[in-house]
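A.B. asks: got a predicted model here, sequence first, then my questions.
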Amino acid sequence: MLRLVRKLFRFSNYLHVLHLLQRKGKIKALETQKFSGVDLRNIWEVTVPNNIGDTPQWSSSLAKFPNSENPEWHLDDESGFRFPLTRFDKLNFNSFADAGIDIKVPWEKSRFYFGIKLAEKYSHSKDISHYNSFKALVLNWIDANPFMCGINWGNAMEVSIRASQWLVSVHIFGKVFWDDNDFKDFLSAELIKHATYISEFPEYISHNKTTNHTVADFTGLLLLAIALSDHPDSGKWLRQATKGLSHCCEQQVNEDGMHMEGSVPYHGFVTECLALAAIAAAHNKISLPANFLATLEKMFRFTETYLDSNMNAPMVGDNDSGRFLQLGDSPAGNHGYLLKLAQLVFGEDFLAKEMADISEYAWLPSIKAYDFTTTSAHFSGLYSYPNAGAYIFKNAYYRVFIPIFPIGMHGQGGHNHIDVGSFDCSVAGKPVIVDCGTFTYTRSLQERQKYRSPGMHNFILAEEETDDQFSTSFWDVRNFPTVKDIQQSDNQLKITVATIGGIEKTRTYQFEDQALIIRDHCTSPATSNFHLAPEVTLAVNADDEWAGDAIAIKCKGEILTEEYQYAPEYNRRVPAQKVKVVLQPDQELELMITFA
């Protein structure tokens, strides 16, 4: 009873109530506020690249061109569910979860990734229909999404990404937009609403802790403060954005330069946000804190190391296919665009020579490069990032990424998978053994638990482990494996972890020039699982190896194969082959993977 009374009268409870009252007061005041446009200005000068194609490409299956006559901004096209047009603070987001519907589908439409593609097509062809389509869709969106109403005003990150797409799109359209005074004034007023919303409702979780959302919030606010510099609040927005981004760097990036949410795709998203903020700041002579640039430099160095020879990133942890600005046509999972951003921020000499020859990153300005203090790695051997919990082996034939991440998002889990000790392998720049991806977040709790579980990763799976043992909701983790021991030498990494019921699993990775030797041991009956990329299939050959074009697997244990569903990007699955090797309790099994 006394414990209950103490819980009820915690000071934090009063602070929470006070925060809710302040928030409600802000919303009431904004509902009656009048928004008038100001003169827009360019966030940066752009030049027309010479490699714009006739047909826009879509890097994400969600960033599709909407129906221009009836865009249906609140519709989940797959389920047919239409989200209500309720004021954002009155929406019950929990009611949308595990109900066969996915809020990210309408969110992705409303991010307007396609706006830049339309602007690129106009820049190439001067066909006015592309501008008219963009204008009509923006006006339609504004009409269908009243200020602060509906899911597309549900959080500041969505607001920030949409506003940033609009800003970059109109600058690519150029003169045809700047001469359209009525639309320009109308859009300016709407952008002021977007900036005001971000400024009033930046995203923090408990106790002022930041996430990738917060980084996106303040990146967009920085761009809006530049574009709306004639607005009386622009100075406040600019200070808030630069201070907020500095705070995010302090909280979210470890000493090894990896983002703290346990996901390589989210590391890429945050790196992109910070790089774009640095470019916009340099172009507009805005000072950034020293810790900001030092953090970004470390993030680029980490990125440079984990990429394979074709710039593919290991799809480790959650992957929702998110980008801040969809400039260029990078394929899903390719982080080459981050290296181009690195060159823009720190200069051509920042990267190793073998990394420097990458395609042009369109529509960004040239800036005076920031100074840097580090040098590129040699890209051969075993690299350890103990603060990040990442171990990477690279040579001329293959790259292996091994996550031993801590629990991310300030201990909540968030975008972690239960993948401690697993690995992702690329051979000659092509993914071969892969993480299974992230099919959905909230459409189905069962599917969410499945894709995060040990059984969907390339490690030892004990018979006692089931999908639902490692989370109770969409964002938490529980029973997270405990790392008991890590031993490393020049070409070997040995990991021991404890899981459900004290079961211990040990894996040794031995890296040879054209082979990866794995030794597995478990104190309980188990299987060692290996998920192949869809392009890779194995069959038994005359040497009793399971072999394909890129790899061959050989061991003395029983090998089984079955089909699984690989999610190369969010909301999309394709069939692929899974290899399972049976492990007997307390018996070490050696397996050799050779590379063609």
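C.D. replies: Now that the structure is in, tell me what you want to look at.
A.B. asks: from now on I want contacts and neighbour counts done on CA atoms only, so please keep to that.
C.D. replies: Fine.
A.B. asks: S79 - that's part of a strand, no?
C.D. replies: No. S79 is assigned coil when assessed by DSSP: H, G, I helix; E, B strand; the rest coil, not a strand.
A.B. asks: that one contacts V105, doesn't it?
C.D. replies: No. Assessed by Cα atoms under 8 Å, S79 is found out of contact with V105, at 10.2 Å.
A.B. asks: would you list every one of the strands in the stretch 401-550 of the chain?
C.D. replies: Here the stretch 401-550 of the chain has its strands, by DSSP state E, counting those that start in this stretch, at 424-427, 430-433, 460-462, 482-488, 492-498, 504-511, 515-522, 526-531, 539-540, 546-547.
A.B. asks: so for S79 and V105, which sits in the more crowded spot?
C.D. replies: V105 (20 against 12; other Cα atoms under 10 Å).
A.B. asks: what strand or helix carries that one?
C.D. replies: helix 104-110 (DSSP states H and E).
A.B. asks: assign the residue nearest to the spatial centre of the chain to helix, strand or coil.
C.D. replies: With distances taken as Cα atoms, centre = their mean, the chain has Y266 as the residue nearest its mean C-alpha position (2.9 Å). For Y266, the assignment made with three-state DSSP gives helix.
A.B. asks: wait, isn't it in contact with M315?
C.D. replies: No. Look at Y266 against M315 with Cα under 8 Å: they stay out of range, at 9.9 Å.
A.B. asks: check which element follows whichever strand or helix holds L30 along the chain.
C.D. replies: Secondary structure assignment for L30, by DSSP H and E: helix 11-32. Under the assignment DSSP H and E, the closest C-terminal helix or strand after helix 11-32 is strand 75-76.
A.B. asks: tell me what that next one is packed against?
C.D. replies: If you count contacts as 3 or more Cα pairs under 8 Å, 6 or more residues apart in numbering; DSSP states H and E, strand 75-76 packs onto strand 81-82, helix 104-110.
A.B. asks: most tightly surrounded among the ones you listed?
C.D. replies: helix 104-110 (a mean of 22; mean count of other Cα atoms under 10 Å).
A.B. asks: helices and strands around it, which ones?
C.D. replies: Secondary elements touching helix 104-110 (3+ Cα pairs under 8 Å, 6+ apart): strand 75-76, helix 156-173.
A.B. asks: how far does stretch 554-574 stretch from one end to the other?
C.D. replies: 26 Å (Cα to Cα, to the nearest Å).
A.B. asks: send me the helix holding V105 as PDB with only the CA atoms.
C.D. replies: Below are the C-alpha coordinates for helix 104-110, written out as PDB (Å, rounded to 0.1, in the frame of the first residue of the first chain):
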ATOM      1  CA  LYS A 104       3.400   4.300 -42.200                       C
ATOM      2  CA  VAL A 105       1.700   3.900 -45.500                       C
ATOM      3  CA  PRO A 106      -0.200   7.200 -45.400                       C
ATOM      4  CA  TRP A 107       2.800   8.800 -43.700                       C
ATOM      5  CA  GLU A 108       5.100   7.900 -46.500                       C
ATOM      6  CA  LYS A 109       2.700   9.400 -49.100                       C
ATOM      7  CA  SER A 110       2.600  12.600 -47.100                       C
END
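A.B. asks: for the stretch 251-400 of the chain, what are the low-confidence residue spans?
C.D. replies: 353-362 (pLDDT under 70).
A.B. asks: the strands in it, which residues?
C.D. replies: 381-385, 390-394, 398-403.
A.B. asks: now tabulate the strands of the stretch 401-550 of the chain in JSON lines and tack on mean pLDDT.
C.D. replies: Below are the strands of the stretch 401-550 of the chain laid out as JSON lines (pLDDT from 0 to 100):
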{"stretch": "strand 424-427", "mean pLDDT": "97"}
{"stretch": "strand 430-433", "mean pLDDT": "96"}
{"stretch": "strand 460-462", "mean pLDDT": "98"}
{"stretch": "strand 482-488", "mean pLDDT": "97"}
{"stretch": "strand 492-498", "mean pLDDT": "98"}
{"stretch": "strand 504-511", "mean pLDDT": "98"}
{"stretch": "strand 515-522", "mean pLDDT": "98"}
{"stretch": "strand 526-531", "mean pLDDT": "97"}
{"stretch": "strand 539-540", "mean pLDDT": "90"}
{"stretch": "strand 546-547", "mean pLDDT": "90"}
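A.B. asks: I'd like these laid out as TSV, including distance to R323 and mean neighbour count.
C.D. replies: Output for the strands of the stretch 401-550 of the chain, formatted as TSV (distance: least, Cα to Cα, whole Å; neighbours: other Cα atoms under 10 Å):
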stretch	distance to R323	mean neighbour count
strand 424-427	22	24
strand 430-433	21	22
strand 460-462	33	25
strand 482-488	32	14
strand 492-498	33	19
strand 504-511	33	21
strand 515-522	33	20
strand 526-531	26	24
strand 539-540	38	13
strand 546-547	36	22
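A.B. asks: and of those strands, who's closest to Q252?
C.D. replies: strand 482-488 (21.9 Å; Cα to Cα).
A.B. asks: who touches that closest one?
C.D. replies: With contact meaning Cα atoms under 8 Å, 6 or more residues apart in numbering, strand 482-488 is reached by 493-499.
A.B. asks: of the residues you listed, just say which sits nearest to A290.
C.D. replies: The nearest member of these to A290, counting by Cα to Cα, is L493 at 35.4 Å.
A.B. asks: these two touch, right, D435 and N458?
C.D. replies: Yes. Using Cα under 8 Å, D435 is in contact with N458, at 7.2 Å.
A.B. asks: residues that sit against both of the two, list them.
C.D. replies: 423-424, 531.
A.B. asks: for those residues, which one is nearest F218?
C.D. replies: Nearest member of those to F218, counting by Cα to Cα, is D424, at 32.4 Å.
A.B. asks: and that closest one, how close does it get to F173?
C.D. replies: Remark: distance between D424 and F173 (Cα to Cα) = 41 Å.
A.B. asks: how about the helices in the stretch 201-350 of the chain?
C.D. replies: 212-227, 234-252, 264-283, 290-306, 336-346 (DSSP state H, counting those that start in this stretch).
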